[in-house]
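Engineer: dropping the sequence and predicted coords here.
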Amino acid sequence: MLEEIGTSAEGDLIINVGPQHPSTHGVLHLVITLQGETIKKVEPHLGYIHRSIEKMCESLSYRQFIYVTSRMDYLSSHINNLGCALAVEKGLQVEVPRRAMVIRVLMSELTRLASHQLWWGAMAMDIGALTPFFHAFREREMINDIMEETCGARLTMNYMVPGGVMFDLHPDFQKKVKEFIAHFKGKIDEYDELLTGNVIFRERTVGVGKISREDAISYGCSGPVARAAGVSCDIRKHAPYDMYSELKFDEILHTDGDCYARYLVRMQEMRQSLNIIEQLIDNIPEGDFQAKTKAVLKLPKGEYYSMVETARGEFGVYIISEGAMTPYRIKFRSPGFSNLSALDHMAKGSKIGDLVAIMGTLDLVIPDIDR
Amino acid sequence: MFSLEKISIGVQTALNNSLPAFWALMAQFAIVGVLVISLFAVLGLVLVFMERKVSAYMQIRLGPNRVGYKGTAQTLADTLKLLVKEGLIPDGADKFLFRLAPYVVMISAMLLMAPIPFSRNFQIWDINIGVLYISAISSMAVIGILMAGWSSNNKYSLLGAMRSGAQIVSYELSAGLSVLSIVILSGSLQLSEIIQSQENGWWLFKGHIPAVIAFVIFIIAVTAETNRAPFDLAEAESELTAGFHTEYSGMRFALFFLAEYANIFIVCAIGATLFLGGWMPFHVGSWSAFNQIMDYIPGSIWFFGKTFLLIFVIMWFRWTFPRLRIDQLLNLEWKYLLPIGLINLLLITVMAILGWHF
Amino acid sequence: MGFLKNYIKTVYEAVSSLLKGMKRTGYYFTHHKEIITQSYPDNKDTMILPERFRGEVVMPHTDSNEHRCTGCTACELACPNGTIKIITKFEMTPEGKKKKALDTFVYHLELCTMCNLCIEACPTNAIKMAQNFEHSVYDRSQLTKTLNKEGSKLMEGVE
């Protein structure tokens, strides 16, 4: 691999983007082949932040392994934790109390909002607008404060446990979330003013990094990347978990499959998440926040799979249990990995600036890809 | 009344009286050299601080607020840090060109200082082809940038330098055309005469809409020429890490950095001179009382006020807009700015011939 | 003519979209009360962290230097990273029976991920999370802490 780096036989320029590069948002290493400014090939090299999380999980108990998954897709750690908790509950046949389910959905949607806000800022920064990043963080900070108050942490919460959630909601939770909703509804229009309508931004994203519906399916894309190409794949709709089957919300679908469509899908998803939170925030039922479980969890022998819709797409947890205290094997299906695999297809023939825009709208979280 | 004019004339007569003509000229050179260099240093400090504060407020942050009074000494501290840093030269770089490049950029910025009138009769060199001189020298900086990009032996630098080359060469045209429109209106290439022609009103107001269009095109073009966002493709942090100065560190980097800000100051000063009357106070046709009050404010304050206003606008662009792509950048120039500029020039010529302007 | 109309329309729309963005940033430039950043070390006295915030594990002691830890090692088992190491000793009860008691509660802050599982596992509420988050030290060994104080003993009535 290494001897390729330099200039190829056809006289094309080969450039290493990363592992340390401002727009890869982590230690992603792309080897791109350039002809002038035009990209001929993008080859992602992985492994710089591989921590063998799946192997680690094999030596951790069913309570313990959940916290590790916060370190994969750290921007939607709640939802990752939820996916694991759901898989374990499937094995234990535990009935989760209704209050816990509502709390889980509320937290998931808040996480999705926070993740999309960060994506919005970071993508704007990739495209060259530096100010939106700080505006996005202002709103994200409010969510982080809410999380901090209820869960005790801002990023890696480890709040979902098998059978419910770790603590009850903080007494101020409802008030704070309502404040946030009122605040954010005004600010999301500002987001549109700053970026969505901007002619330079449109020039940079419309028609860039196109992927067709068929290609999106065959690359295994999920989440906003697939929905922007017209693939209806929202797990919350198609395989509802927790409360989602009782909630009214739309699955956002666009057909263009370009960067702008991916942008719009996420922007509209933010509004949908707000909608879901509004439906639930006044209807949190009383009751337990955690089902009674044994001190030592043992899953019966068998295979368990659960999937959740993270901010980036479908996150799957596959557990094989031999009936012991620890899982025999765990496999995570992370959305970022499949989405990244389509990068070469999307970026071929476009300019270096486009590559950055495409990576921005793919919303890559590298620890999620490498695990 | 404070006036730079009297000081400069006083110094000149004192030198001429006490020294032979040749040595008086030499002494003037020395004074001018020291003044220009110190102006550059001060500008670097002030503009970097201004940029950081402007960006901070737009990004709902506080900005530098620790070193010195309200953070005013922050840039001084940064400069000290850069001065004592090691200036690395990468292996395989063309060492001579690598060392030379920052100075080429810097000197071309300094040369542009010569014909700028800071106040009435306070001008280093009142050359009669001032506008031509400016357009000629301002395109020299690209040589330094290409030199830096090529000699770094880094692919990112090379790409940045090539982008910068394409960009500056194209945007020179638009900047030149909009400058030409003012030359046509005022009928002179000499900057002092252009300012004199704005005694009863600035060209921005006197020239009707075509002058406004020319002004807008000028601002866009010079933003591109100074490699500022949204046209900062030569640096393009998220794409090319730092573009042409990726490999520079220490004082050599600081020179590039300083030259960027010096260039902004100069193009804004030219814009202020051509369109906003330079040091000429704001006059409204026949309101003599109002005009007299305006005259009490010294010309140098008018000049710097207008220049900093334009600098602020350029900074405002940077902290609002996303970056264009290289092909869109060229599209904007060749498909929009250049045709509009040409038609606008035609309109202005017709206007000037028929005497429709005020 | 249609071409020209379109051309002018694109230019107009482009410029107005840009001006809209500039209006937004201009608003924030002039409205300093919207600033959200805090001058961190200066506001230390007024900064309030939520009580659930997980900064480090501590063991509360009463004034008479008593803690609630029985040395049952539930936290050690619950910890996914081997952060906690409990060393027990045998004490003689007044009845003359041998009883397991806590000798040293070793807490490796450098390994801790603040997952809260040890606190959930503790049957006697002997440990809790503290809000201190400034953990940087010059020597790594300072991060290994002993949570029970010198000479402390088990609180009466805690089994």
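Structural biologist: In hand now; what should we look at?
Engineer: low-confidence regions, the stretch 201-350 of chain B specifically.
Structural biologist: The model of the stretch 201-350 of chain B has pLDDT under 70 over residues B:285.
Engineer: I meant to write the stretch 1-150 of chain A there.
Structural biologist: Counting by pLDDT under 70, the low-confidence segments of the stretch 1-150 of chain A come to A:1-9.
Engineer: please enumerate the helices of chain C.
Structural biologist: Counting by DSSP state H, one finds helices in chain C at the ranges C:2-30, C:74-78, C:117-121.
Engineer: does the longest one reach chain A?
Structural biologist: Yes: applying C-beta under 8 Å from any C-beta of the partner chain, one finds helix C:2-30 touching chain A at C:13, C:14, C:17, C:18, C:20, C:21, C:23, C:24, C:25. Where C-beta positions appear, they are placed from N, C-alpha and C, glycine not excepted.
Engineer: on contacts alone, who are the packing partners of that helix?
Structural biologist: Helices and strands in packing contact with helix C:2-30 are listed as helix A:199-205, helix B:21-58, helix B:299-318; criterion 3 or more C-beta pairs under 8 Å, 6 or more residues apart in numbering or on different chains; DSSP states H and E.
Engineer: residue 57: how many residues sit nearby?
Structural biologist: Using chain A here. Residue A:57 has 25 neighbouring residues, counting by other C-beta atoms under 10 Å in any protein chain shown.
Engineer: sorry, I should have been clearer: chain C.
Structural biologist: By other C-beta under 10 Å, 23 other residues sit near residue C:57.
Engineer: near chain B, which residues of chain C are found?
Structural biologist: Taking C-beta under 8 Å from any C-beta as the contact definition, chain C meets chain B at C:11, C:18, C:21-22, C:24-26, C:28-29, C:32, C:34-37, C:39.
Engineer: tell me the residues of the stretch 101-250 of chain B that contact chain A?
Structural biologist: Proximity of the stretch 101-250 of chain B to chain A is assessed by C-beta under 8 Å from any C-beta, with B:155-156, B:159, B:163, B:229-230, B:232-233, B:236-241 identified as the residues in range.
Engineer: of these, closest to residue A:169?
Structural biologist: residue B:238 (39.3 Å; C-beta to C-beta).
Engineer: go ahead and confirm that closest one touches residue A:22.
Structural biologist: Yes: taking C-beta atoms under 8 Å as the definition, residue B:238 is a contact partner of residue A:22 at 5.1 Å.
Engineer: between the two, which one's more packed in?
Structural biologist: A side-by-side neighbour count of residue B:238 and residue A:22, using other C-beta under 10 Å, places residue B:238 first with 22 against 17.
Engineer: part of a helix, is that one?
Structural biologist: Yes: read with DSSP: H, G, I helix; E, B strand; the rest coil, residue B:238 is one of the residues of a helix.
Engineer: of the helices of chain C, which is nearest residue B:306?
Structural biologist: Distance to residue B:306, taken as C-beta to C-beta, is lowest for helix C:2-30 among the helices of chain C, at 18.8 Å.
Engineer: pLDDT of the closest one, averaged?
Structural biologist: For helix C:2-30, mean pLDDT rounds to 84.
Engineer: tell me what angle it forms with helix B:21-58.
Structural biologist: Helix C:2-30 and helix B:21-58 meet at an angle of 90 degrees, taking axes from the mean of the first three to the mean of the last three C-alpha atoms, to 10 degrees as the criterion.
Engineer: and the angle for helix C:2-30 with helix B:299-318?
Structural biologist: On the basis of the same axes, to 10 degrees, helix C:2-30 is oriented at 110 degrees to helix B:299-318.
Engineer: helix C:2-30: how far from the chain's middle?
Structural biologist: Averaging C-alpha positions (C-alpha atoms, centre = their mean, to the nearest Å) puts helix C:2-30 47 Å from its chain's average.
Engineer: same thing with stretch B:176-185?
Structural biologist: Counting by C-alpha atoms, centre = their mean, stretch B:176-185 is centred 17 Å from the centre of its parent chain.
Engineer: ok, residues contacting that stretch?
Structural biologist: B:131, B:134-135, B:189, B:194, B:197, B:203, B:206-207, B:210-211, B:214-215, B:217-218, B:221, B:270, B:274-275, B:338, B:341-342, B:344-345, B:348-349, B:351-352, B:357 (C-beta atoms under 8 Å, 6 or more residues apart in numbering or on different chains).
Engineer: tell me the one of the residues of the stretch 101-250 of chain B next to chain A nearest chain C?
Structural biologist: Comparing those against chain C with C-beta to the nearest C-beta picks out residue B:230 as the nearest, at 9.2 Å.
Engineer: the closest one contacts residue B:321, correct?
Structural biologist: Yes: applying C-beta under 8 Å as the test, residue B:230 and residue B:321 come out as touching, 4.0 Å apart.
Engineer: what about the two, which has more around it?
Structural biologist: Relative neighbour count places residue B:321 above the other of residue B:230 and residue B:321, with 27 against 23, counting by other C-beta under 10 Å.
Engineer: secondary structure element holding that one?
Structural biologist: Of the helices and strands defined by DSSP states H and E, none includes residue B:321.
Engineer: which pLDDT does the model give residue A:301?
Structural biologist: The per-residue pLDDT of residue A:301 was computed as 87.
Engineer: now do the contacts for it.
Structural biologist: The contact partners of residue A:301, by C-beta under 8 Å, 6+ apart, come to A:321, A:322, A:323.
Engineer: lowest average confidence across helices and strands of chain C, where is it?
Structural biologist: Confidence across the helices and strands of chain C bottoms out at strand C:153-154, with a mean of 76, counting by mean pLDDT, DSSP states H and E.
Engineer: now for it, which elements pack on it?
Structural biologist: In terms of contacts (3+ C-beta pairs under 8 Å, 6+ apart), strand C:153-154 is packed against strand C:66-67, strand C:98-108.
Engineer: where does the stretch 1-150 of chain B have low pLDDT?
Structural biologist: Counting by pLDDT under 70, the stretch 1-150 of chain B has low-confidence residues at B:1-4.
Engineer: for residue B:50, see how far away the residue of it found nearest chain A is.
Structural biologist: Of all residues in the stretch 1-150 of chain B, residue B:59 sits closest to chain A, with a separation of 3.9 Å (C-beta to the nearest C-beta). In this structure, residue B:59 and residue B:50 are 15 Å apart, going by C-beta to C-beta, to the nearest Å.
Engineer: same question for residue B:33.
Structural biologist: Spatial separation of residue B:33 from residue B:50 under the definition C-beta to C-beta is 25 Å.
Engineer: of these two, who's got more company?
Structural biologist: A direct count of neighbours by other C-beta under 10 Å for residue B:33 and residue B:50 places residue B:50 higher, at 17 against 12.
Engineer: the strands in the stretch 51-200 of chain A, which residues?
Structural biologist: Using DSSP state E, counting those that start in this stretch, the strands assigned to the stretch 51-200 of chain A run over residues A:160-161, A:164-165.
Engineer: to chain C, which of those lies closest?
Structural biologist: Nearest to chain C among these is strand A:160-161; the distance by C-beta to the nearest C-beta comes to 7.8 Å.
Engineer: packing partners for the closest one?
Structural biologist: Counting contacts by 3+ C-beta pairs under 8 Å, 6+ apart, strand A:160-161 packs against helix A:77-92.
Engineer: who are the packing partners of the helix it packs on?
Structural biologist: The criterion is 3+ C-beta pairs under 8 Å, 6+ apart, and the helices and strands that helix A:77-92 contacts are helix A:65-69, helix A:98-127, strand A:160-161, strand A:302-309, strand A:314-321.
Engineer: follow-up on the earlier one: using TSV, lay out the helices of chain C together with mean neighbour count.
Structural biologist: Rendered in TSV, the data for those read as follows (neighbours: other C-beta atoms under 10 Å in any protein chain shown):
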stretch	mean neighbour count
helix C:2-30	14
helix C:74-78	19
helix C:117-121	20
